[in-house]
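In: any chance you could fold what I've pasted below:
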Amino acid sequence: MNLKGSLLIFIGPPCCGKGTISRLCVEKLGFTQLSTGNLCRHHIEIGSDIGKEIDFALKSGKLISNELITEMVKAWLEVNASNCTSVILDGYPRTVPQARDFYDFLSSSDEMNSVKIIHFQVSEECLMKRACGRLVCKNSECQQVYSIEGKMAPKIEMICDICSGQLIKRLDDTLSTVEDRIKTYYKHESGLLNCFNELGMFTFSLAAENDVDVVFANLKKIIGA
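Out: From the prediction side, this is the model:
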């Protein structure tokens, strides 16, 4: 894989700030963000073998297998990692099987020392508040995240600062839906963190409830940037 810098694995519930901090790492540190969701959509669009399998699973109402997700991430890293300074994994690994498969891959490519697992810690009360105030750029190639108020509010109401696209509120950003998503996430989080611990992969805790500038500054201290 021959990565020049770090391989950052961001772990945390919906609305914990992973996307915002990832964006700052890309803009200010020159990192590359690898979103498994975006990667899935890309493979479907280009009609690759992986994309056809993903599309079939989705249209069949099935979950995309752990093996297929890992294969997709590994393929991307093998091709692109050497051209990146550091890479942020957004949304992967999400399950224990994915974590174990990825550990085997990292061990075989001798990249274990480059990995840093960052655990975003935020109270459920804060998560709910953020979700209810979140706005997202409608442009599928942008999807920048904003807040209705505060430092993350757009400069022009309901208009994206980056691409001038329309900002919308996600349909799943309701109190009941977010509550369900958070509960589902926490069902898997403890197992995933325990798995990392068993594999000897140290996890750094990041207090993500602070102001975004403080969170970003603390992350830079953790990764030595």
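In: list the buried residues for the longest strand seen in the chain?
Out: Scanning the chain for the strand with the most residues, using DSSP state E, yields strand 115-121. For strand 115-121, the buried set under the neighbour-count rule, 16 or more other CB atoms under 10 Å, comprises 115-120. Bear in mind the C-beta positions are built from the backbone N, C-alpha and C, glycine included.
In: with adjacent residues omitted, what lies nearest to Ser205?
Out: On the basis of CB to CB, 6 or more residues apart in numbering, the spatially nearest residue to Ser205 that is not a chain neighbour turns out to be His119, at 5.2 Å.
In: quick one: contacts for the one you found?
Out: By CB atoms under 8 Å, 6 or more residues apart in numbering, the contact set of His119 is 11-12, 193, 203-206.
In: sorry, back to before: tell me the helix or strand right after the longest strand of the chain.
Out: Using DSSP states H and E, the helix or strand that directly follows strand 115-121 along the chain is helix 124-132.
In: farthest pair within the contacts of His119?
Out: Pairwise distances across the contacts of His119 (CB to CB) peak at 13.3 Å, for the pair Leu193 and Leu206.
In: okay, those two: which has more neighbours?
Out: Leu206 (25 against 16; other CB atoms under 10 Å).
In: surely that one touches Asn218?
Out: Yes: counting by CB atoms under 8 Å, Leu206 does reach Asn218; the two are 6.2 Å apart.
In: neighbouring contacts of stretch 195-212?
Out: Looking at what lies outside stretch 195-212 - CB under 8 Å, 6+ apart - the contacts are 11-12, 16-17, 20-21, 24, 96, 99-100, 103, 112, 115-123, 126, 151-152, 193, 215, 218-219, 222.
In: need the contact list for the spatially most central residue of the chain.
Out: In the chain, the centroid-proximal residue (CA atoms, centre = their mean) is Asp90; its distance is 2.1 Å. Neighbouring residues of Asp90 by CB under 8 Å, 6+ apart: 10, 18-19, 22, 33-36.
In: equivalent analysis for Tyr186, please.
Out: By CB under 8 Å, 6+ apart, the contact set of Tyr186 is Pro13.
In: fine by me, we can end here.
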